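*Asks:* need a 3D model of the sequence below.
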Amino acid sequence: MSARARLITLLGAAALAVTGAARADTSVTFDGEVPASGPDHFFLPFTVPAGTRELVVKHDDRSEANILDFGLYDPSGYHGWGGGTSEDVVINEAAASRAYVRGVTAGAWSVVVGKAKIASPPGQYHVEITFRDAPTLEPQTDRSPYRELTTPLKRERRWYAGDFHVHSRESTDAKPTLDQILAFARSRKLDFVEISDHNTITQLDYFNAAQKRNPDVLLVPGVEYTTYAGHANGIGATRWVDHKIGQPGVTIEEAARLFHSQGAIFSINHPMLELGDLCIGCAWKHKLDPSQIDAVEIGTGGFEQGARLFHTAVIAFWEKQLATGRHVFPVGGSDDHSGGEARGQFASPIGSPTTMVFADELSMSHILLALRDGKTVVKLQGPDDPMVDLRTDFATVGGTEGARSAVFRAWVTGGRGTRLSIVRNGEVIQDVAVDSDPFLHYMDALPPPTGEDRYRAEILVDDHPRTITNHIFLRFNPSGYDAIGARASKGGACSLVFSGNVVGCAVPTVAALALVLVGRRARRATARDPQGGATSARAPPPPRPSQDASRRPTGRGRSS
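*Replies:* Numbers count the residues shown, from 1 in each chain. Next up is the predicted model:
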């Protein structure tokens, strides 16, 4: 070879070395035993060489009995969480495997390994990482940074129906796309679904395109914060929160703070779902101050599909949080992983249960605002369950009324043949037959001398709960409204039955007739709106606040 040829060859090799374009694929392999002690997660550090165009990670727990979770850290932190899947992970600049972020940056990375289940110690792991000089995964053109809608899907103040616990394929134990989820939600006449994938926010990359294709059902961001001692729901979360409890600075208290700092709701998912290895970490075991808990999922999956087995324990858990004085509100979620296509005795499709939210409009910001005010009713089986709207003169569910006495009104639609229970501080104080549709029940109440009483309404079908409202909180205010006295001064006829500080009152005939007329008009209005989420008559708008500030409901706020 001539000197000139050698020079050209050397220069070409140098150029290729700089660009990395012709560098052969390289790999690194990790094999070892899972640490028997220490935190629940450990790290396998590696370096991504400069010029790497695509990263491939293969992993295996080498066991049928053990389960290991896997994720990735890049130089800046979180790069995705695949959980217990055995799928290979492929990442380049324009695409990534589900549950993982796009982009390959040279530098220090780590494979994160979670000790989900070590039934046959010692656990083993095998990880093989390949650095490619050319991408193989096709660009994902439907991914884009999430943007909240600037225009609400509907501008109407009413009850909206939705599901606060749905998984897309970005949870690697789930399979549906967002379009499949939205299509099924639409078939059940839902107005919104929250996508709560496990410990990842990559689902948000697909929201813009899917929402544009489906402009009638709102996608609500969220994360199922999945730990080995309980699962929580970051409703409205758009930023990742570290779930690896036990790592430096990673605590359940810090997680709740980080969800709240981004404006998200922190709700406890299926708190009493104790199924051992069938659902790792599903039951809530964390010790967290109730002041950090916003909501409790009182229905996970349809009541008839198995949720009834845990119902009593879940309600007791909810009541325990309420007994601390915290105005924790109820939500329900299907925990659907199949886009409504799962079959079998325990398969609960999207919308089973359904959470009703009273909001000013159908947008993420207003759904979250309504949640913070506790404006929720949970239909434990699904959207066709009866609806009950509970209110006083100055408060709706989630609100607080300070008064000398109050009149509670429970308006039931779609409930003929069921029973209505009024529950005070966890105890049933009234139980009446629902013998018309719509049905109105009045109940007068005196507030306690100190503190507050909490009241909710429940609809029972065949002696089992089917619909549960959030509470209205009643406090004594010596200068507040006297509802009982006001009625008496107007000569209102009422058959009073006293029980403790509760007064039962028969519905006046004129009022009952007026309600029927209102109900008929509401049903006609619902029929005219094909996008309406509820299948029964629409609830009336909340009463206007009193001009006297001392009589206004204080809401669910912490100071109230």
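*Asks:* going by C-alpha atoms from here, please, whenever you check contacts or count neighbours.
*Replies:* Fine.
*Asks:* check which helices and strands the helix or strand encompassing residue 70 sits against.
*Replies:* Remark: residue 70 resides in strand 67-74, with elements defined by DSSP states H and E. Counting contacts by 3 or more C-alpha pairs under 8 Å, 6 or more residues apart in numbering; DSSP states H and E, strand 67-74 packs against strand 77-83, strand 107-117.
*Asks:* just name the most buried of these.
*Replies:* Each of the helices and strands packed on strand 67-74 was scored by mean neighbour count; the highest is strand 77-83, a mean of 22, by mean count of other C-alpha atoms under 10 Å.
*Asks:* export only the CA atoms of the helix or strand that comes right after that strand, formatted as PDB.
*Replies:* Per DSSP H and E, the first helix or strand lying C-terminal to strand 77-83 is strand 89-92. Taking C-alpha atoms only, strand 89-92 is exported to PDB below (Å, rounded to 0.1, in the frame of the first residue of the first chain):
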ATOM      1  CA  VAL A  89     -36.000  -2.800  26.300                       C
ATOM      2  CA  VAL A  90     -35.000  -0.900  23.100                       C
ATOM      3  CA  ILE A  91     -34.300   2.800  23.200                       C
ATOM      4  CA  ASN A  92     -33.100   5.300  20.600                       C
END
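*Asks:* show me what the top strand by length along the chain is packed up against.
*Replies:* Longest strand in the chain, counting residues (DSSP state E): strand 400-413. Contacts defined by 3+ C-alpha pairs under 8 Å, 6+ apart place strand 400-413 against strand 387-391, strand 439-445, strand 472-476, strand 481-482, helix 483-489.
*Asks:* again, only using 6 Å
*Replies:* strand 387-391, strand 439-445, strand 472-476, strand 481-482 (3 or more C-alpha pairs under 6 Å, 6 or more residues apart in numbering; DSSP states H and E).
*Asks:* where does residue 207 land in three-state SS?
*Replies:* For residue 207, the assignment made with DSSP: H, G, I helix; E, B strand; the rest coil gives helix.
*Asks:* ok, and the closest non-adjacent residue to it?
*Replies:* In space, and not counting its chain neighbours, residue 207 is closest to residue 146: 6.4 Å by C-alpha to C-alpha, 6 or more residues apart in numbering.
*Asks:* and that neighbour, how far from residue 211?
*Replies:* Look at residue 146 and residue 211: by C-alpha to C-alpha, to the nearest Å, they are 11 Å apart.
*Asks:* and for the two, which residues touch both?
*Replies:* When C-alpha atoms under 6 Å, 6 or more residues apart in numbering defines a contact, no residue borders residue 146 and residue 211 alike.
*Asks:* what's the burial count for the closest residue to residue 204 other than its chain neighbours?
*Replies:* Nearest residue to residue 204 in three dimensions, chain neighbours excluded: residue 146, at 5.5 Å (C-alpha to C-alpha, 6+ apart). Around residue 146 there are 17 other residues, counting by other C-alpha atoms under 10 Å.
*Asks:* next secondary structure after the helix or strand where residue 254 lies?
*Replies:* If you go by DSSP H and E, residue 254 is part of helix 252-261. For helix 252-261, the following helix or strand on the C-terminal side (DSSP H and E) is strand 265-268.
*Asks:* partner strands of that next one, parallel or antiparallel?
*Replies:* Applying DSSP bridges, strand 265-268 is found paired with strand 230-235 (antiparallel), strand 295-300 (parallel).
*Asks:* deepest-packed of those strands, please.
*Replies:* By mean count of other C-alpha under 10 Å, the strands paired with strand 265-268 have strand 295-300 as the most buried, with a mean of 28.
*Asks:* so who does residue 109 touch?
*Replies:* Going by C-alpha under 6 Å, 6+ apart, residue 109 touches 45, 46, 47, 73, 74, 75.
*Asks:* redo that, cut-off 8 Å
*Replies:* By C-alpha atoms under 8 Å, 6 or more residues apart in numbering, the contact set of residue 109 is 45, 46, 47, 48, 72, 73, 74, 75.
*Asks:* what's opposite it in the beta bridge?
*Replies:* On the basis of DSSP bridges, residue 109 is bridged to residue 46.
*Asks:* show the pLDDT at it.
*Replies:* What the model reports as pLDDT for residue 109 is 98.
*Asks:* go on, residue 307?
*Replies:* For residue 307, the pLDDT comes out at 89.
*Asks:* can I assume it is in contact with residue 300?
*Replies:* Yes. Residue 307 is in contact with residue 300 according to C-alpha atoms under 8 Å; the separation is 6.1 Å.
*Asks:* in a helix, residue 184, correct?
*Replies:* Yes. Under three-state DSSP, residue 184 falls within a helix.
*Asks:* any idea how far it lies from residue 214?
*Replies:* With distances taken as C-alpha to C-alpha, residue 184 is found 11 Å from residue 214.
*Asks:* ditto for residue 398
*Replies:* 31 Å.
*Asks:* between these two, who's got more neighbours?
*Replies:* Taking other C-alpha under 10 Å, residue 398 and residue 214 do not tie; residue 398 has more neighbours (29 against 16).
*Asks:* in contact with that one, which residues are there?
*Replies:* Counting by C-alpha under 8 Å, 6+ apart, residue 398 touches 327, 329, 373, 374, 375, 376, 470, 471, 472, 473, 555, 556.
*Asks:* list phi and psi for the fifth one.
*Replies:* So that's residue 375. phi -90, psi 70 (degrees, to the nearest 10).
*Asks:* adjust the sequence numbering to begin at 308 for everything that follows.
*Replies:* Understood, numbering begins at 308; the last thing we discussed is residue 682.
*Asks:* number of residues surrounding it?
*Replies:* For residue 682, the neighbour count with other C-alpha under 10 Å is 26.
*Asks:* for residue 460, find the nearest of the helices and strands packed on strand 374-381.
*Replies:* Smallest distance to residue 460 across the helices and strands packed on strand 374-381 (C-alpha to C-alpha): 30.7 Å, for strand 384-390.
*Asks:* how far is that closest one from where the chain is centred?
*Replies:* From the chain centre to the centre of strand 384-390 is a distance of 20 Å (C-alpha atoms, centre = their mean, to the nearest Å).
*Asks:* now stretch 781-794
*Replies:* Offset of stretch 781-794 from its chain centre (C-alpha atoms, centre = their mean): 36 Å.
*Asks:* same check, this time on stretch 598-616
*Replies:* 11 Å.
*Asks:* domain parsing for this protein?
*Replies:* 327-439, 451-692, 693-867 (automatic domain parsing).
*Asks:* out of those, which one sits most buried?
*Replies:* Compared across the domains of the chain, domain 451-692 shows the largest average neighbour count, a mean of 21 (mean count of other C-alpha under 10 Å).
*Asks:* ends of it, what's the gap?
*Replies:* Across domain 451-692, first to last residue, C-alpha to C-alpha, it's 38 Å.
*Asks:* one more: stretch 732-746?
*Replies:* 24 Å.
*Asks:* same question, stretch 490-507
*Replies:* Stretch 490-507 has its terminal residues 23 Å apart, counting by C-alpha to C-alpha.
*Asks:* relative to the whole chain's centre, how far out is it?
*Replies:* 10 Å.
*Asks:* cool, and stretch 675-682?
*Replies:* With C-alpha atoms, centre = their mean, you get 13 Å for stretch 675-682.
*Asks:* before we move on, what about stretch 539-558?
*Replies:* Remark: stretch 539-558 is offset 15 Å from the chain centroid, using C-alpha atoms, centre = their mean.
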